[in-house]
Structure formats: structure tokens, C-alpha cells
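Chemist: For reference, the sequence and a predicted model appear below.
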Amino acid sequence: MTFLKKICLLLVSVSLYADTNHFSLIVVGGGIAAHTAAIYGGNARIETAMLVGPRPGGQLAIAGMVENMPGVEAQFGMSIIERLEKQAVDFGATSIYATVSSISVQETTGEEQKPRFTLHTAEGIDYYADALVIATGSRPRTLGIPGESEFWGSGVSTCAVCDCSFAQDKDIVIVGGGDAAIEEALQLASYAKNITLLLRSKTFRASARMQEKLSRFSHISYRYDVEVQEIFGDGSSMTGVKIYNKVTDEYEIINAQGLFLAIGQLPETAFIKDLVHCDALGYITLTDRQKTSVEGIFAAGDVTDNRYRQAIVASGDAAKAALDAIAYLRGID
Amino acid sequence: MKIFSNIFSWIVVFLGLGLTGFAGYWFAYREKVSQQSGYDWQKVQKTKNIIPVAIIGSGPAGLSAALYTSRAHLHTVVFQGPQSGGQLMSTTEVENWPGMGKKQGPEIMKSVKEQAQHFGAVLLNETIKKVNFSTWPYELTASDDTVVHALTVVICTGAFPERLHNVPGEAEHWGKGVTACAICDAAFFKDKDVIVVGGGDSAAEQALQLTAYARHITVLVRGDKMRASVAMQDRLKKFDYIKIRYNSSITEIEGDGSHVTGVKLKTAQGAEHMAIDGVFLAIGHKPNTEIFKGQIAFTPGGYIAHSCRTQETSQEGVFAAGDVSDERYRQAAVASGDGVKAALDAERFLQHIGFDEMLAKKIERKLYDPVIASEAAEITAIESMDQFKQVVLESKTPVIIDFYTKFCSSCLQMMPYIQAIAAQLKDKLVCVKVDIEKMAELKDRYQVTTVPYFVVVKDGLVVGRYNDVMTKREFFDFASRFVTE
């Protein structure tokens, strides 16, 4: 009986939503920040949908083992995401696999004073919302050189944690000079045969403490003032890189079966950068609390955060963004 | 030949002078740097009871911060204060902790606590009663009058909701129908009748948050009008199931000990009884900030002020997170996220003022770690082969053998750590010591060439070795590797 009731309810709600595709709150993104916002939206009984992109997960999904989420025992990032998705759906939020390509704002008059947002998706379906939480995160920056896309996933990687076992007894190059590059090197040190760090300038941007950690390893070496020009291989796997030294004006071939990128992140803001204000690096600028430059649009997670980049921080800030959005929708801001 | 040897000796002299000069310059430079920045490392090295990261408070913010700093190998001490675990300990079911599903509040705090301890954070039951941020390292006085010196401080002392005074049944039903958080608990009052106590914006907000769930909402206002803004009051009027009652207050809360069933009211018309399922208090929160008065800046509301996007307070090197610095959200998940921000800010600050592994090693013996003093296990000395067979070879748990001589100062220096960690890992691991001068047979058996030398034996077989001095942390990591859960 209750089962039938549930089916009926589901059908009714699906048909209602399918008719209008209208939700009070739409969360754009599919990582931990988006899921937390959806949990809070659903918990407050606000009609909430999450447009997760091609599939949910975000950076946590490729993070391998996660052991520093407070209150969550060590486990794979993807299983945390699965639990979050269940939590959000249990609270009544809808998870939709759609990628937002652009957003337009209608200034409505009369009864409804609030701007209403139309979200255009790559799938061709439009969704409508009274408030938005943007939590699209960021993705690793790439070099854009020949061979990079060809060997992506078969030699070129951005995640040492995920791919360290692949580096077993191989020669590896790491591109970057910040803390992230050293973290990758430490991660790979016990696997790789040789590691060469390729730095664009004369010095590390990484902290001295991080650099000191590397000094213990004799199989880690450096090339300064270099840029990677080409990644080449034998068709199926990479065999080496060509680097160019700007100071000595010399080329060098380094044999390597793996290349790890640690040159920073690109926030996913292409679809919204003409609408809300973003900083020079492309991160969404927050005005007050989790508000953006457009009323009714809130943001949280790595798409706004170039400083901490931690799952639990994204989650905490997403809770704030959702509560800000709820207060805005209920007019108690 | 003579000339050559002269030149050679001159070279040595020059090199020596050069080196001395360089070292002198280096030390002078370091001192200059430390004086310029106001962070005097010379002073730190002469100070006792040092804590690189001191965390005051042990709610979600404090323990999440501790998890991060201890995982970064910074010696972290948490002064838990009167309520270990914070406000979540008095809540029951928590549904919105990210990634956890439904869990009991105390259960969540227990797992965060275990995570922090797993990475080496020291959790103490002391309360900090006095702080002095005018001198660095910052002076903290604990309730047992111990004075500790913190290189950075993370304040997570939380806040407590104002409660009803002299109302029988209120304390009894706290967390069981009486609560102060509509966002957290609204879902438990679906189609139920609730009361919101208070007349300010926060009372109106709680009532509006409850509209999505409750059947009837009564707002009890003590005076004859609400302090909430007119706009807020207008919004309340839109809901026909919200009723505002003026000149009214609760005199008693009734229930069966696990649920609230009704309240007794005092109104302008006299005493009255009302059947009710829940009471939401919106009569304010009080951040726990007494000990910080005059030391750092507060917001107009009395909360600790911090910069907009980080957890930095008005005092460099002091950070705040959680409800003590958050008058808006008051959510465990938010406190946890901000606690991690504060931890990362503190790590960054320590790096910025030049705290590195070298300095950490230098001050290691000056660190405040009462666990070493209080929880020291007796380390058995192996003095015969019979005893060796019985204690080491026949042990059911792994055994770490510490080979030493009585003239080895670094061996003696490590002994307190070994005692502390043996106590921490008792029942899972045994530590014994062997004086290689007395037990040459064992020295040869395990090919010990230097001291200190550690051999780990499990089921009679060697499963690990290490032949250098270790810090407490390193020894803990080393020992933990052989412990099977």
C-alpha cells in the first residue's frame, strides 16, 4: 500500500517537474559541495535539483583513498560521493545528469519580484530556478602541447594518488614547482625508478619544508628554467618528453614513461563568467558570505576557493551557500 | 714541500675562517629575521611547555582542526574544556553531516576524536582559564594552573544557546523536544505542533524555517510586541498556521522524559495549558569568549571577529572557527569546514614565521605532552636468554626490541617516547630493551651494529628494523606499522 503510494507520489512529482523543469533551488555541480548544498536544500523542504554534469563525483571521485574527512572513516572518494548522493536524494533533492552551458536571467515584474534563472544545458533541455548555488569546482590545468591529449590516461596524469601504482619502476617527470608538485613527487617516490621535476623558473614556489622532504631521495632530480615542448611515444604509450631550456637555449630529451601535471587548477566558470563577477584566475568572486555579484546566485567549493581546496571546506561552505539561498527564497535574508 | 704545506695550511685556515664567517652571518641573519618579525626563536628554544598548535575547544571545529594539524605532523594539543565534543554531544540524531547518513551526534564526535588521535593529536580534559596574546609564544593557563606556550592558537570554544531559567522540565527534555536549532531539527516535527520562544529576528527565522514541516506554530513573545523587523513580521503573517501570542511565557514543560507533550503558560489572561510536541528556543546564543576579552577583537554581537575569507583573527597567529566566531550558520558541518580552514591557516602561519622540521627537532624535548609524563609504560629489560624466549619469541603481539648502551645519550632521550607509545599501544604491541653490553648474544643474533637500533619481532621472526634516532612522531609511525587492528 505504502509502496503504491510512493510510486504515485513519484509519478506525480516526476510529471510535475517534467512539465515545468522548475525548481526553487538548482545546484549546479556534482562534487561534494554540490551534494552538501542539495542535502541542505532538501532538508529545508525546498524543491531542489542538482545538475551534476555528465556524471557526479567531482575531484573527490578521482581522489583515491580519503582519510581526512572529519567524521567519515577512511574510504575511497567515490564511495563518499555515492553516500552523499543517497543522502541528498533521501532528503528529496533530484539529481539530474545534465551539463549547464549557459544561464540567463529574467527580471520579472508584478507579483514575482525575484529574477528567475533559466539554465540552458548541453542536452538541449532548459531548467528554471528561483535561486542557484554554483558548485562546479575546478579541473587540473593542462599544458596544451603535442602529445598531451594523445597520451592522456596512458602516461599523462594529474593525480599521483590515483596513478602511483602505474609508476612502478618507471621513469617519471613531474611538471610544476609548487607544493602540489612536491606532494606528487613524494607520493611517487616509493614507486618510480627515477623522478625528474621540471620547473619553469629557477626556484621552487613550494615551501622550504616541502623541499627539504625531497632532499632525502637520491632518485629525484631537477631541471630548472625549462618548458616542456612535446610528449612523444610509440603510439600506445609515452616514451619521453622534449624540454627546452630558456637560459641555455638547449633542447633535451628525457626518457619517461609517465608525466604528472602539477601546474594548478582551472575553475569551471566558462558557462557563467559573463553573468557573475570572476577574479583574474577565473574563480567566482564572493561579495558577502557566499553571495555572488548577482542576487539569488550563491557559490561554494573549489569554484570559489583557491586557498584551501579541501573536501570538508567545500562541504562547509556549500552548507553556508545553501542556507543563504534558503534564507533568500524565504525572504528572511 | 715546506711552502706547499704552508699553502695547504693557509687554505685550511681560509676555509675555516670562511665557514665561521658564513655560519656567523647565517646565525646573525636568522636572529635579525626573527627579531624583525617579532617571532623570537631563541626565546622559544629556552621556553618549556611549548605547543606548536594549541586548540581550545573540542567541538566539530576544534577536532577537525586537530585532525588536520596532527596529520601535518605538527604537535597538536586540544584543551577540550568542560564539554568534550561540544554541542553535538547533547543532540540526538544528526541527518545532515556530509557523507554520513543518519548518525547520533555523540557517535559522530567519537569518530572525529578517534581520527584526530590516530594522527597523533593529544586530547586533554583541561579547560583554558586565561590567555595572554601580548607575548609570543602565547601564554595559556590551564585549569590545573599549568602554563603552556603556544606558537599558534586555534579558538573553537563554541557558543551555547540561552536557556529558560526556572522552568521545570526544560533541562530534562533538552534535545528531546526542546531545542534551539530549527534548521537542524525541523524535520523531526513534521505535521506536529510547536512553540517558538522569543520575539527577535531569530525567533521569526526559526518560525519560518519550521513552516515547511510543522502543522501549527505558536510564537511566544514575552513583551507586548516583537523586536523582529517589520518585514519579518509581515512574512510571518502570510502563514495562517503561525500564531503570535504576546505577554506570554512558559512556566513548565511537560513530557514523558523522551518527548514533550505539553507546556504550561503564563499569559495576560492567566495560567493556561497547551498540548505541544516541540519547543524551539530563540532567545539568543552566548559565545564562549570570556577569557579572550581585551586580547582580540570581537564583532558587535560579541563573537570573535575573523577576516572575511580566512579564519585569521585580529591577532596574528591566533585563529578562530566554529560557533564562537559564527553568529549566522551554527551548523556542525560549517564548523568542521571552518575548523579545517583555521588549521590550514595555522600551518601556513607556522611556515611563514620559519617553523620547519629542523626547529621542530630542536624544540622537541621542550614540547608540552602530558601524555608522556602520565602514561608511561614500564619497559622490560631483557637480561637472559630464557627471558628473551619467553617475552619476545613467544609473544602473541609484535615486539619492538630497543638495543641500547647506557652511554648512548640519544637512546636515553628516546626512552620517554618509547614508554609513552608503549602505553598508548598496550595490548597491541610490546616494547623491550636490551643493553648490548650485557647481551652480546642478542646483539650478534640480530647483527646490531649501532645504537639505538630497533628490531621488530613477530611470531619469532624479524619483520622490521630501524637504526637511527626517531622523534616521538616517527617512533609512533614506525610502531604503528606493525600493529594489526
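Modeler: Arrived safely.
Chemist: B:Cys431 - nearest residue in space that isn't next to it in sequence?
Modeler: Excluding the flanking residues, the one nearest B:Cys431 by Cβ to Cβ, 6 or more residues apart in numbering or on different chains is B:Ala422, at 4.1 Å. Where you see a C-beta, it was placed from the backbone N, CA and C, and this is true even at glycine.
Chemist: likewise B:Gln117?
Modeler: That would be B:Leu123: by Cβ to Cβ, 6+ apart, it lies 6.3 Å from B:Gln117.
Chemist: for the one you found, what are its contacts?
Modeler: Contact analysis of B:Leu123 by Cβ atoms under 8 Å, 6 or more residues apart in numbering or on different chains lists B:Ser58, B:Ala66, B:Val78, B:Gln80, B:Ser84, B:Lys113, B:Ala116, B:Gln117.
Chemist: for it, helix, strand, or coil?
Modeler: Three-state call for B:Leu123 (DSSP: H, G, I helix; E, B strand; the rest coil): strand.
Chemist: Let me see the ranges of the helices in the stretch 51-200 of chain A.
Modeler: Counting by DSSP state H, counting those that start in this stretch, the stretch 51-200 of chain A has helices at residues A:77-90, A:160-163, A:179-189.
Chemist: hang on, isn't B:Glu312 packed against B:Ala305?
Modeler: No - in this structure, B:Glu312 is not within contact of B:Ala305 by Cβ atoms under 8 Å, at 9.8 Å.
Chemist: neighbour-wise, which of these two wins?
Modeler: Remark: of B:Glu312 and B:Ala305, B:Glu312 carries more neighbours, 21 against 15, as counted by other Cβ atoms under 10 Å in any protein chain shown.
Chemist: that older thread, ok but the residue nearest to B:Cys431 is inside a helix, no?
Modeler: Yes - counting by three-state DSSP, B:Ala422 is part of a helix.
Chemist: so how far is B:Lys361 from it?
Modeler: Distance of B:Ala422 to B:Lys361, given as Cβ to Cβ, to the nearest Å: 22 Å.
Chemist: picking up where we left off before, how about the helices of the stretch 51-200 of chain A, which one is nearest chain B?
Modeler: Among the helices of the stretch 51-200 of chain A, the nearest to chain B by Cβ to the nearest Cβ is helix A:77-90 (4.8 Å).
Chemist: can you list the residues that contact that closest one?
Modeler: For helix A:77-90, contacts defined as Cβ under 8 Å, 6+ apart pick out A:31-32, A:35-36, A:38-39, A:42, A:48, A:50, A:56-58, A:60-66, A:69, A:72, A:95, A:311, B:96, B:98-101.
Chemist: Which positions within that helix qualify as buried?
Modeler: Within helix A:77-90, the residues that count as buried by 16 or more other Cβ atoms under 10 Å in any protein chain shown are A:Gly77, A:Met78, A:Ile80, A:Ile81, A:Arg83, A:Leu84, A:Glu85, A:Gln87, A:Ala88, A:Val89.
Chemist: again with stretch B:435-449
Modeler: Within stretch B:435-449, the residues scored as buried using 16+ other Cβ under 10 Å are B:Asp435, B:Ile436, B:Met439, B:Leu442, B:Lys443, B:Tyr446, B:Val448.
Chemist: Same check on stretch B:96-112?
Modeler: Counting neighbours by 16+ other Cβ under 10 Å, one finds that the buried residues in stretch B:96-112 are B:Asn96, B:Trp97, B:Pro98, B:Gly99, B:Met100, B:Lys103, B:Gly105, B:Ile108, B:Met109, B:Ser111, B:Val112.
Chemist: just those that are near chain A?
Modeler: The subset of the buried residues of stretch B:96-112 within reach of chain A, by Cβ under 8 Å from any Cβ of the partner chain, is B:Asn96, B:Trp97, B:Pro98, B:Gly99, B:Met100, B:Lys103, B:Ile108, B:Met109, B:Ser111, B:Val112.
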